[in-house]
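Student: quick one, structure for this:
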Amino acid sequence: MKAEVKGGRSGSRVFKPITIAPGYKLVADAIEQQIVSGQVRPGEAIGTEAELVQQFGVNRSTVREGIRLLEQSGLIRRDSKRRLHAAVPHYDSFVSDVSRAFVLNEITFRELWEATMAIETMVAELAAERISPEGLAELEDNLERSRTALAKPAQLALLDIEFHALLSKGAGNRVLQFAREPENKLFFPTTEMLFRRNAEAPQRNVQAHAAIVDALRRKDKADAALWMRRHINDWKKGFERINKSIDQPIDRAYAEDLKSTP
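Tutor: Here you go, the predicted model:
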């Protein structure tokens, strides 16, 4: 609920009408507050639609619309008998929203590079301490597939994203993993464009990945961080070498590049 005021004549105040959130939004907010606060734990039943209608004192369509919002956000799930339960949303449900916000707010390469330098360096250090043999095997498999995709810019760009996602998983810190995930939508246009425009970029990318994996294998935190910083800086230098401004919004730069491609 909110009211907006503006100055009127002779110093008086002019109030705009108070707006009240729709009933279904109030229902969704009330249930969400119970889940987020921990009063209702993941897996616990929250009642049937009929029970919620009675508790909230609203009609069934209002409750259904509120539940629909919560199902979309991943906070509620239905079992095989259509009963409602609290749930833990998978990060995919909000990653797409954050990714969309990055694009709509016209994030520049400079902003992405600065954030990536901070996040990926920490990820590399933690992975050097914590990655499992299985995690190393996944990275080595990614390297082999990347070596066979050097002449395929789009495929190599996707493998690059996969490499950093696997590295993030190996770091064993879900906050860092979730923090970097929305950036994937911005990584692809920069690397695909770079691999397509700069003949040296694909090989340099794979060589850096190989050096990082080697540092992880030796559990050398300093070397892993050093190679990651080199890798991220090389990405920036490559972007500049193909005459792209690091202060231009990424999606705009990519769209212009695709238009100019024969």
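
Student: CA atoms for contacts and neighbours, from now on please.
Tutor: Fine.

Student: distance of the residue nearest the centre of the chain relative to Leu26?
Tutor: Centrality entry for the chain: nearest residue to the mean C-alpha point is Pro182, 1.8 Å, by CA atoms, centre = their mean. From Pro182 across to Leu26, the span is 29 Å (CA to CA, to the nearest Å).

Student: what's the answer for Leu176, then?
Tutor: From Leu176 to Leu26 the distance is 32 Å (CA to CA).

Student: what's the burial count for the residue lying closest to His85 once chain neighbours are set aside?
Tutor: Nearest residue to His85, sequence neighbours excluded (CA to CA, 6 or more residues apart in numbering): Ala45, at 4.3 Å. Using other CA atoms under 10 Å, Ala45 has 17 neighbouring residues.

Student: residue contacts, Ala45?
Tutor: Counting by CA atoms under 8 Å, 6 or more residues apart in numbering, Ala45 touches 83-86.

Student: between the residues you listed, which has the most around it?
Tutor: Highest neighbour count within the contacts of Ala45: Ala86, with 25 neighbours (other CA under 10 Å).

Student: my read: that residue touches Gln39, true?
Tutor: No - the pair Ala86 and Gln39 does not pass the contact test of CA atoms under 8 Å, sitting 10.5 Å apart.

Student: quick check: His85 is in a strand.
Tutor: Yes - the assignment for His85 by DSSP: H, G, I helix; E, B strand; the rest coil puts it in a strand.

Student: state the distance from it to Leu70.
Tutor: Counting by CA to CA, the separation of His85 from Leu70 is 11 Å.

Student: now for those two: what residues contact both?
Tutor: Each of Ile76 lies in contact with both His85 and Leu70 under the rule CA under 8 Å, 6+ apart.

Student: in the chain, which spans are helices?
Tutor: Along the chain, counting by DSSP state H, helices occupy 23-36, 49-56, 60-73, 92-104, 109-130, 133-147, 153-171, 174-180, 184-197, 201-217, 221-241, 250-260.

Student: including distance to Asp79, could those go into CSV?
Tutor: Shown next, in CSV, are the helices of the chain (distance: least, CA to CA, whole Å):
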stretch, distance to Asp79
helix 23-36, 17
helix 49-56, 13
helix 60-73, 12
helix 92-104, 19
helix 109-130, 36
helix 133-147, 33
helix 153-171, 30
helix 174-180, 27
helix 184-197, 32
helix 201-217, 42
helix 221-241, 44
helix 250-260, 40
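
Student: would you turn these into a markdown table with mean neighbour count?
Tutor: Converted to a markdown table, those look like this (neighbours: other CA atoms under 10 Å):
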| stretch | mean neighbour count |
| --- | --- |
| helix 23-36 | 17 |
| helix 49-56 | 14 |
| helix 60-73 | 18 |
| helix 92-104 | 15 |
| helix 109-130 | 19 |
| helix 133-147 | 16 |
| helix 153-171 | 21 |
| helix 174-180 | 16 |
| helix 184-197 | 20 |
| helix 201-217 | 20 |
| helix 221-241 | 19 |
| helix 250-260 | 14 |
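
Student: rank those by mean pLDDT and give me the bottom one.
Tutor: Out of the helices of the chain, helix 92-104 stands lowest, with a mean of 51 (criterion: mean pLDDT).

Student: contacts only, for the nearest residue to Met193 once chain neighbours are set aside.
Tutor: Nearest non-adjacent residue to Met193, counting by CA to CA, 6+ apart: Tyr254, 7.1 Å away. By CA under 8 Å, 6+ apart, the residues touching Tyr254 are 189-190, 193.

Student: do Gln203 as well
Tutor: Counting by CA under 8 Å, 6+ apart, Gln203 touches Leu150.

Student: so how far is Arg145 from it?
Tutor: 13 Å.
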